[in-house]
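Student: here is the input, now give the coordinates:
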Amino acid sequence: MNKFDRQGNSADIQTLPDDIAEELSRLPSEVISVDDAPSITPPAPLSQDEVRTIVISLMLTMFLAALDQTIVATALPTIGRQFNDVSNLSWVITAYLLASTAVAPVFGTLSDIYGRRAMIIISLSLFVAGSVLCAIAPNMPMLILARGLQGLGGGGIMPVVQTVISDVVSPRERGQYQAYFSSVWMVGGILGPVIGGVFAEHLHWSMIFWINLPLTVAALALLLPNMKKIPVFHRKRKVDWLGGVLLMASAVVFMLVLTWGGTRYPWLSPTVLAMVGGAVALAVSFVWHARRADEPFLPLHLLTGSVAPFALTAGGCGLGAITGLTVQLPLYYESVYHLSASEAGLALIPLAAVSTVGAAVAGRTMARAKHYKRVAIIGTSWAALCGLGLTLVTLPLWGLLTLMAAFALGLGTTFPVCVVSLQNSVARPQVGTITGAMNFFRSLMSSFTVAAFAAILLIALGVDVPLAGEHHAAGSVAIPADDMRHAFRYVFGAATALMTVAALCLIAMEERPLAGPSAKQPVELAE
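Tutor: Predicted coordinates:
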């Protein structure tokens, strides 16, 4: 192979395949050097069986992360009784969320430096180690620490899985696979509370953690034999650990503000204000450092331009809207329609399930249409109209669920378009970094939206009601149905505003051509 100059050019670049030549032309001058540039010799193409095996193993891996987001919730009362400690139960969930959010950009960046195989092994190893320590934890503090360790692994799974998919599937075909992974996330989120409740009631609560071991072994057994066949795009370089620490620290403090604000401490209390100041100071320090570092942990130029800021905002608004509604709607169903807790959970299925249909529609459209972002523009605009209907009209339960499903159908179109557009906007050695940043900002946006929706309800109702997932206790607070309907109009209005912002961002986002065949069908996952 010929040597590259500082511009990443080669005397024989015209002889390279078109997609590799295109990648070289998009690399900034500092990315490729003679000593550290990976081989770009085109690997042998993966067969359909190999792609199918890789996709199934990645789906199983993502299922682990999705399951552990919710499986603990229904087992918390049992855990609290065994350890005789209910005051710290919320930390069992909070520790996982804090850790998983903070490390998402870390694993994404490190996968661009040390490779996908190393990072998927490390993330799954941390996840399994945390699961074992959770299962054998002798007391609540140890369980909370173990959940934090498990969150470190779980937070690395999502960006690495999405990055591996980008290595295996061309951008034009990639959107079609988002529906598979959206379905996995939905199934994991729905099954989690059910499995957790069954294990806690009929077996032992530790089984919610022991179940991760066979699932992880199966995922690695399917994935690792095929990892050597995946094209290599990572580039070893010096790791900017200081930048990574500053970014993680600012995220943790900000997440604590969203978790504690309005619940443990008043929003304007000295503690919360001091934490907000600390989060801002850490974020400013990170930006200052990133502007001066030779190779920053998260290059700021990746977050600018005509694609990244719009795709990040649109995707964050979409995920924030569906997460905020998922957390708060059970309270609405129980108070207004007098559903039981289990029935309220079932009533969330249209919101979760139909969003995956929207993702599937957008993914298939991306594989065929030249102007692929139009489906997401139409979808988010449709979702905004449905949200406006939810805000202005009082509906019976069947009408509400129907309109909510229509809302979710439009919302789901944002996810594949935003993910693929982001990954398509950077050079291959930076796909992991931008994917990690995307998951990081989406998690922050989800947490912010949950806190914002809770604050809206608290202000509108004017009473202290159980929020942020504590809907099982909602019956202890006498809230008239008309008051709850009135309060939730502001929540639906906030969701409408989020989808309007998403639509505007997608309109403003540059639509760059996607590499890959325009009419190829996705690999079927089952014969």
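Student: what helices or strands is the helix or strand hosting residue 485 leaning on?
Tutor: Element membership for residue 485 (DSSP states H and E) is helix 481-508. Judged by 3 or more Cβ pairs under 8 Å, 6 or more residues apart in numbering; DSSP states H and E, helix 481-508 is in contact with helix 308-336, helix 374-392, helix 397-412, helix 414-424, helix 431-461. Yep, even glycine has a C-beta here, placed from its N, CA and C like the rest.
Student: quick check, residue 200 in contact with residue 209.
Tutor: No. Residue 200 is not in contact with residue 209 according to Cβ atoms under 8 Å; the separation is 11.6 Å.
Student: out of these two, which sits in the more crowded spot?
Tutor: Comparing residue 200 with residue 209 by other Cβ atoms under 10 Å, the one with more neighbours is residue 209, at 26 against 22.
Student: dump the residue contacts of the residue most central in space within the chain.
Tutor: Centroid check for the chain by Cα atoms, centre = their mean gives residue 439 as the closest residue, at 4.7 Å. Applying Cβ atoms under 8 Å, 6 or more residues apart in numbering to residue 439 gives the contacts 104-105, 108, 155, 158-159, 162.
Student: go with 10 Å
Tutor: Shown in contact with residue 439 (Cβ atoms under 10 Å, 6 or more residues apart in numbering): 100-101, 103-105, 107-108, 155-160, 162, 315, 319, 419.
Student: quick check: it vs residue 266, distance?
Tutor: Counting by Cβ to Cβ, to the nearest Å, the separation of residue 439 from residue 266 is 31 Å.
Student: point out where the chain drops to low pLDDT.
Tutor: Low-confidence segments of the chain (pLDDT under 70): 1-47, 74, 87, 231-235, 341-342, 462-478, 515-527.
Student: still on that earlier bit, mutual contacts of residue 200 and residue 209, please.
Tutor: Counting by Cβ under 10 Å, 6+ apart, the shared contacts of residue 200 and residue 209 are 71-72, 75.
Student: quick one: these as JSON lines, columns for secondary structure and neighbour count too.
Tutor: Output for the shared contacts of residue 200 and residue 209, formatted as JSON lines (DSSP: H, G, I helix; E, B strand; the rest coil; neighbours: other Cβ atoms under 10 Å):
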{"residue": "71", "secondary structure": "coil", "neighbour count": "25"}
{"residue": "72", "secondary structure": "coil", "neighbour count": "25"}
{"residue": "75", "secondary structure": "helix", "neighbour count": "24"}
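Student: now, among these, which is nearest to residue 423?
Tutor: Residue 423 lies nearest to residue 71 out of those, by Cβ to Cβ, at 29.5 Å.
Student: on that earlier part again, for residue 195, see how far away the residue nearest to the centre of the chain is.
Tutor: From residue 439 to residue 195 the distance is 24 Å (Cβ to Cβ).
Student: for residue 158, same thing?
Tutor: Separation of residue 158 from residue 195 (Cβ to Cβ): 20 Å.
Student: looking at the two, which is more packed in?
Tutor: In terms of neighbours (other Cβ under 10 Å), residue 158 is the more surrounded of residue 158 and residue 195; the figures are 26 against 19.
Student: circling back to that earlier point, excluding covalently adjacent residues, which one is nearest to the residue nearest to the centre of the chain?
Tutor: residue 104 (4.1 Å; Cβ to Cβ, 6 or more residues apart in numbering).
Student: now do the contacts for the one you found.
Tutor: Contact analysis of residue 104 by Cβ under 10 Å, 6+ apart lists 154-160, 248, 251, 435-444.
Student: in a helix, residue 273, correct?
Tutor: Yes. Counting by DSSP: H, G, I helix; E, B strand; the rest coil, residue 273 falls inside a helix.
Student: from memory it sits against residue 265, does it?
Tutor: Yes. Between residue 273 and residue 265 there is a contact at 9.5 Å, judged by Cβ atoms under 10 Å.
Student: list residues touching both of the two?
Tutor: In contact with both residue 273 and residue 265: residue 257, using Cβ under 10 Å, 6+ apart.
Student: if we can go back for a sec, and the helix holding residue 485, what's buried?
Tutor: For helix 481-508, the neighbour count (16 or more other Cβ atoms under 10 Å) marks 484, 487-489, 491-506 as buried.
Student: before we move on, what about stretch 396-403?
Tutor: 400-401, 403.
Student: let me have those in CSV, adding distance to residue 340 as columns.
Tutor: What follows is those, written out as CSV (distance: Cβ to Cβ, whole Å):
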residue, distance to residue 340
400, 17
401, 16
403, 22
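Student: nearest to residue 290, of the residues you listed?
Tutor: Closest to residue 290, out of all of the buried residues of stretch 396-403 and judged by Cβ to Cβ, is residue 403, at 43.6 Å.
Student: from residue 114, how far off is that closest one?
Tutor: 47 Å.
Student: do residue 270 as well
Tutor: Noted for residue 270: a distance of 42 Å to residue 114, by Cβ to Cβ.
Student: among those two, which residue is more densely surrounded?
Tutor: Between residue 270 and residue 114, counted using other Cβ under 10 Å, the more crowded position is residue 114 (17 against 9).
Student: which parts of the stretch 201-350 of the chain are strands?
Tutor: In the stretch 201-350 of the chain, no strands are defined using DSSP state E, counting those that start in this stretch.
Student: quick one: the helices in it?
Tutor: Taking DSSP state H, counting those that start in this stretch to define them, one finds helices in the stretch 201-350 of the chain at 207-210, 212-227, 241-260, 270-292, 308-336, 341-346, 349-366.
Student: could you dump these to TSV with distance to residue 174?
Tutor: Conversion of these to TSV gives the following (distance: least, Cβ to Cβ, whole Å):
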stretch	distance to residue 174
helix 207-210	33
helix 212-227	18
helix 241-260	26
helix 270-292	28
helix 308-336	14
helix 341-346	32
helix 349-366	8
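Student: so which of the ones you listed is nearest residue 186?
Tutor: Among the helices of the stretch 201-350 of the chain, the nearest to residue 186 by Cβ to Cβ is helix 349-366 (4.7 Å).
Student: contact partners for residue 110?
Tutor: 103, 116, 118-119, 122-123, 156, 159-160, 234, 239, 244, 297, 432-433, 436.
Student: repeat the analysis, applying 8 Å as the threshold.
Tutor: Going by Cβ under 8 Å, 6+ apart, residue 110 touches 118-119, 239, 432.
Student: do the same with residue 160
Tutor: By Cβ under 8 Å, 6+ apart, residue 160 lies in contact with 107-108, 111, 116, 119-120, 123, 432.
Student: that's all I had, so thanks and see you.
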